[in-house]
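Novice: Provided below are the primary sequence and the corresponding predicted coordinates.
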Amino acid sequence: HIGIATEEILGRHRSRAQIDADIRRKEAAVEVLKRIYHSPTLSAADIHLCLYSICDNNSFLNANRAPIDAAIGHLRRHFHPTVVAPRYSLSIRAGADGARLTHGHARQYHFALQSLTLWREIVGDMFRLWHAAEGDLLSDTVTYALRDTGQGVQRVQQSPRTYRAMQQILVRVQKKVRTWVGSSVVHLGDHNVPNALMFIDKYTQVPQILGPIINCLENLEHLYSKDESIQKYIDDGF
C-alpha cells in the first residue's frame, strides 16, 4: 500500500478518467494505512502527514531528477563510448563552438556521463544537502568574510557539513562510472563557490536547463504526427 499511497500522479498524455482513478486508488491506500497503523502514540493525522511528505519527495525527484535520468538514457542509447557513428562524434575542440576543453569522442562520452551521474546523485540527495548547507550557513563556529571573488562581493565561508556530504556523493559516483575524467576537487568556500548556498543553487539550475530539452525530445514524435506544420519544418530542416 505504501508505494501507491506515496506515488505522484502524473498526466503524461493520459485521460482525465485514468488520472482520477489513480487519485482514488492513492487516497484509498492512504486510508488503509491510517486505519492499520494508527495508535495512541501515532495519530492518523501524523501518518497522513508522513505519507504526503514522502510523496512530496517523490514529486521533487520526478520534477528534478527525472530529466537527468532521461538525459543519461539518451546518452547511453544513442551513443557508444568507443564506436563513433558518422556525423555523431561527441568530440570537442577548445575554442570551437564555445568549447573550453579538447576531448576525443570517448573522453567526452565519459565526461558527459560522469557529469550527469554526479548531478543525478546530488539532486537525489538534495534534502540532506540543504540541511547540511543550512547548518554551515548558520554556524556560530565557522565565520564568513566578505570578499570580492570576481563575481561581486560574496560571503566566503567554509562549509564542512556540505563538504563531507559532497565527498560521500563523489565517492559513490566514482564507483558507479569507474572511468573518471579530469579533477575531482570539490570547490566550497573559495572564489569559485564561496559558500554552501551558492553550491546548492548551482545544482538546482541543472533540471531547469535539462527539463525543457527532455520535454522537447519526449514530445517531438507526438507533435510530428499531430501537427503538419511542425512535420514540414522538421522534414525541410533536418
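Specialist: Here it is on my side, so go on.
Novice: count the neighbours of residue 14 for me.
Specialist: Residue 14 has 12 neighbouring residues, counting by other Cβ atoms under 10 Å. For glycine as for every other residue, the C-beta is placed from the backbone atoms N, C-alpha and C.
Novice: and what of residue 163?
Specialist: The burial count for residue 163: 18, using other Cβ under 10 Å.
Novice: next up, identify which helix or strand residue 8 is on.
Specialist: For residue 8, there is no helix or strand it lies in under DSSP states H and E.
Novice: again with the one 10 residues further on
Specialist: Residue 18 belongs to helix 16-37 when elements are defined using DSSP H and E.
Novice: tell me the mean pLDDT over that helix?
Specialist: For helix 16-37, the mean per-residue pLDDT is 92.
Novice: show me what whatever helix or strand comes next after it packs onto, helices and strands only.
Specialist: Note on helix 16-37: by DSSP H and E, the next helix or strand toward the C-terminus is helix 44-64. On a contact count with 3 or more Cβ pairs under 8 Å, 6 or more residues apart in numbering; DSSP states H and E, helix 44-64 meets helix 2-5, helix 16-37, helix 105-124, helix 126-137, helix 196-226.
Novice: helix 44-64: which residues count as buried?
Specialist: 47-48, 50-51, 55, 59-61, 64 (16 or more other Cβ atoms under 10 Å).
Novice: please apply the same query to stretch 148-158.
Specialist: 149, 154, 156-158.
Novice: also stretch 202-221?
Specialist: Going by 16+ other Cβ under 10 Å, stretch 202-221 has these buried residues: 203, 206-207, 210-211, 214.
Novice: quick one: average pLDDT of that stretch?
Specialist: The model assigns stretch 202-221 a mean pLDDT of 92.
Novice: for that stretch, output the C-alpha coordinates as CSV.
Specialist: Presented in CSV, the C-alpha positions along stretch 202-221 are these (Å, rounded to 0.1, in the frame of the first residue of the first chain):
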residue,chain,number,x,y,z
LYS,A,202,24.3,25.8,-8.8
TYR,A,203,22.9,22.3,-8.8
THR,A,204,19.2,23.4,-8.6
GLN,A,205,19.8,25.0,-12.0
VAL,A,206,20.6,21.7,-13.7
PRO,A,207,17.0,20.4,-14.0
GLN,A,208,15.8,23.8,-15.2
ILE,A,209,18.2,23.5,-18.1
LEU,A,210,17.7,19.9,-18.9
GLY,A,211,13.9,19.8,-18.3
PRO,A,212,12.9,21.8,-21.5
ILE,A,213,15.3,19.8,-23.6
ILE,A,214,14.0,16.4,-22.4
ASN,A,215,10.4,17.7,-22.7
CYS,A,216,11.1,18.6,-26.3
LEU,A,217,12.7,15.2,-27.1
GLU,A,218,9.9,13.2,-25.5
ASN,A,219,7.1,15.1,-27.2
LEU,A,220,8.7,15.5,-30.7
GLU,A,221,7.3,12.4,-32.3
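Novice: identify the residues contacting the residue nearest to the spatial centre of the chain.
Specialist: What sits nearest the mean C-alpha location of the chain, by Cα atoms, centre = their mean, is residue 65, with 3.4 Å. Taking Cβ atoms under 8 Å, 6 or more residues apart in numbering, we find residue 65 in contact with 120, 123-124, 207.
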